[in-house]
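Colleague: fold the following, please.
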Amino acid sequence: MTLHSSDGDRIVGKVAWRLLPIMGLLYLVAYVDRTNVGFAALTMNADLGISATVFGWAAGIFFLGYMLFEVPSNIIMEKVGARFWIARIMVSWGIVAGAMMFVQGPWSLIVLRFLLGIAEAGFFPGMILYLTYWFPARYRARYVALFAIAMPLSSVVGSPISALLLQMHGFLGLVGWQWLFLVEAVPAILLGFVVLRILPDGPKEAYFLTPDERDWLAGELETEHHHVRAHGHLGIAKVLVDWRIWALIAIYFGQNVASYGLSFFMPQIVKGLGFSTLTTGFVAATPYVVAIVAMVLVGRSVDRTGDRRFHGFAVLCVVALGVLIAAWFGTSLWSVVGLIMGGGMIYSIQPCFWPLPSEFLADTDRAAGIAVINSVGNLGGFLGPYAIGYLRDQTGGFGAGLVFVALMAFIAGIVILFFARPQLQIASRASVAAD
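Modeller: Residues are numbered from 1 along each chain as shown. Okay, the predicted model is just below:
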């Protein structure tokens, strides 16, 4: 039976139903283990004598380790296959995440956060690369959005759970934050072994598709890859100096300053408004409920219109405005409204942003390019928490740090407005027209 483009929605939907739930679960667990130190800080900082500046440094140094090993990790995944490499990453980071329970002071916290970054290096860009193995360009934004929902969902789920685990203080001789690190590390190790069994490396191993469906999907993806290759193979050295890569790094850097600055300090900001630790867990989850809805709507709109430039600019402007509102109102409950705006929209940049590299990078270039963008851009995840922590110690409040975060989000919005020019969206618009 010969399949045509009219069958595409059904086939791609079938792939999505099979892959996205497990991929989303993997990233949810990764994001919880990456950011749960923000909730641990509610009691750990006082227990171990950790200042806001040191905490910001420790939270952010994760991304230095992440950066050093990310590009090699993505290239290795391209060589050895997604299933084995993703499983290896998960087991490694699960072990290090669990070891966080043995933190004794500032230096052990900093070292373990750095090692956690090394262990997790390559996971997110590997997932983005893996999506390009399965989803043609005209579907990619909506499915990147559905996958990336795991980020805000991790906070919706993880924030209340983390707050509850902190209540286990004293059980079996462990303090609450030790239970938090221990319990939340276990799923990563278990899921690593699940991945080895159920995650296919690519469409050729897609036992859930018929032979005709596999052939259609492989043909669609090969046509796209041929189109990109026709514009030239850059090579890794040229990828590293391509201005488009560095423009994307600037965008990703700015949004990560905002994203991780808010993620790591949101519990402390919310608790500073007078909430109990348990209530803080639920209030801090509220922006991420909004984020889930926003990501789906933005992803669909991007695929429908083919526009990434104005969508990305609008998203980052709303983030900047919301964070400025939170800074302006300080300890007023109106600051929660600002945090909901900022935290609720920051993740919606994902469907605008991540389809862009695959529009001009092919094959190994794409693996290296995505890894470079993610690893260097993730240094914003170091600067954001560190800047907020440092400014908190210098000024006695979170206002100055939040203004800095808002400025970086706005600058990222300006860059995407001028970067994502029409020539980089030809493939996207052509796909929309084909629909």
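
Colleague: where does the stretch 201-350 of the chain have low pLDDT?
Modeller: For the stretch 201-350 of the chain, the stretches with pLDDT under 70 are 224-239.

Colleague: quick one, helices of it?
Modeller: 211-229, 236-241, 243-271, 277-305, 309-329, 334-345, 350-353 (DSSP state H, counting those that start in this stretch).

Colleague: including mean neighbour count and distance to residue 55, could those helices go into JSON lines?
Modeller: Backbone N, C-alpha and C define where each C-beta goes, glycine included. Below are the helices of the stretch 201-350 of the chain laid out as JSON lines (neighbours: other C-beta atoms under 10 Å; distance: least, C-beta to C-beta, whole Å):
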{"stretch": "helix 211-229", "mean neighbour count": "16", "distance to residue 55": "43"}
{"stretch": "helix 236-241", "mean neighbour count": "14", "distance to residue 55": "33"}
{"stretch": "helix 243-271", "mean neighbour count": "25", "distance to residue 55": "8"}
{"stretch": "helix 277-305", "mean neighbour count": "20", "distance to residue 55": "16"}
{"stretch": "helix 309-329", "mean neighbour count": "22", "distance to residue 55": "19"}
{"stretch": "helix 334-345", "mean neighbour count": "22", "distance to residue 55": "19"}
{"stretch": "helix 350-353", "mean neighbour count": "28", "distance to residue 55": "26"}
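
Colleague: quick one: contacts for residue 135?
Modeller: Taking C-beta atoms under 8 Å, 6 or more residues apart in numbering, we find residue 135 in contact with 12, 15-16, 143.

Colleague: just the pLDDT at it, thanks.
Modeller: Looking at residue 135, its pLDDT stands at 82.

Colleague: state the helix or strand in which residue 108 lies.
Modeller: Assigning secondary structure by DSSP states H and E places residue 108 in helix 106-120.

Colleague: return the set of buried residues in the next helix or strand after that helix.
Modeller: Using DSSP H and E, the helix or strand that follows helix 106-120 towards the C-terminus is helix 123-134. For helix 123-134, the neighbour count (16 or more other C-beta atoms under 10 Å) marks 123-134 as buried.

Colleague: relative to residue 264, how far out is residue 151?
Modeller: 14 Å (C-beta to C-beta, to the nearest Å).

Colleague: same question for stretch 160-180, mean pLDDT?
Modeller: On average, stretch 160-180 scores 91.

Colleague: pull the residues that contact that stretch.
Modeller: With C-beta under 8 Å, 6+ apart, stretch 160-180 has contacts from 32, 36, 39-40, 42-44, 47, 101, 182-184, 277-278, 280-282, 285.

Colleague: now the terminal residues of stretch 115-124, how far apart.
Modeller: Taking C-alpha to C-alpha, to the nearest Å as the measure, stretch 115-124 stretches 17 Å from start to finish.

Colleague: need the contact partners of stretch 396-412.
Modeller: 250-255, 257-258, 261-262, 265, 268-269, 272, 316-317, 319-321, 323-324, 326-328, 330, 342, 346, 349, 380, 383-384, 387-392, 394.

Colleague: just the C-alpha atoms of that stretch, please, in PDB.
Modeller: These are the backbone C-alpha positions of stretch 396-412, laid out as PDB (Å, rounded to 0.1, in the frame of the first residue of the first chain):
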ATOM      1  CA  GLY A 396      18.700  42.400  51.200                       C
ATOM      2  CA  GLY A 397      15.900  41.600  48.700                       C
ATOM      3  CA  PHE A 398      15.200  39.900  45.400                       C
ATOM      4  CA  GLY A 399      14.100  43.000  43.500                       C
ATOM      5  CA  ALA A 400      17.500  43.900  41.900                       C
ATOM      6  CA  GLY A 401      18.000  40.300  40.800                       C
ATOM      7  CA  LEU A 402      14.600  40.100  39.200                       C
ATOM      8  CA  VAL A 403      15.200  43.300  37.300                       C
ATOM      9  CA  PHE A 404      18.400  41.800  35.900                       C
ATOM     10  CA  VAL A 405      16.500  38.600  34.900                       C
ATOM     11  CA  ALA A 406      13.800  40.700  33.200                       C
ATOM     12  CA  LEU A 407      16.400  42.600  31.200                       C
ATOM     13  CA  MET A 408      18.100  39.500  30.000                       C
ATOM     14  CA  ALA A 409      14.800  38.000  28.800                       C
ATOM     15  CA  PHE A 410      14.000  41.200  26.900                       C
ATOM     16  CA  ILE A 411      17.400  41.200  25.200                       C
ATOM     17  CA  ALA A 412      16.800  37.600  24.200                       C
END
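
Colleague: list the buried residues in that stretch.
Modeller: Residues 398-412 are the ones in stretch 396-412 that count as buried (16+ other C-beta under 10 Å).

Colleague: so which of the residues you listed comes closest to residue 85?
Modeller: residue 412 (29.7 Å; C-beta to C-beta).

Colleague: from residue 206, how far off is the closest one?
Modeller: Applying C-beta to C-beta to residue 412 and residue 206 gives a distance of 36 Å.

Colleague: and if you look at residue 110?
Modeller: From residue 110 to residue 206 the distance is 43 Å (C-beta to C-beta).

Colleague: what segments of the stretch 51-200 of the chain are strands?
Modeller: Here the stretch 51-200 of the chain has no strands by DSSP state E, counting those that start in this stretch.

Colleague: which residues in it form helices?
Modeller: Using DSSP H, counting those that start in this stretch, helices in the stretch 51-200 of the chain cover 52-80, 82-99, 106-120, 123-134, 137-148, 150-166, 176-198.

Colleague: in CSV, list these along with distance to residue 374.
Modeller: Shown next, in CSV, are the helices of the stretch 51-200 of the chain (distance: least, C-beta to C-beta, whole Å):
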stretch, distance to residue 374
helix 52-80, 6
helix 82-99, 13
helix 106-120, 11
helix 123-134, 4
helix 137-148, 13
helix 150-166, 13
helix 176-198, 19
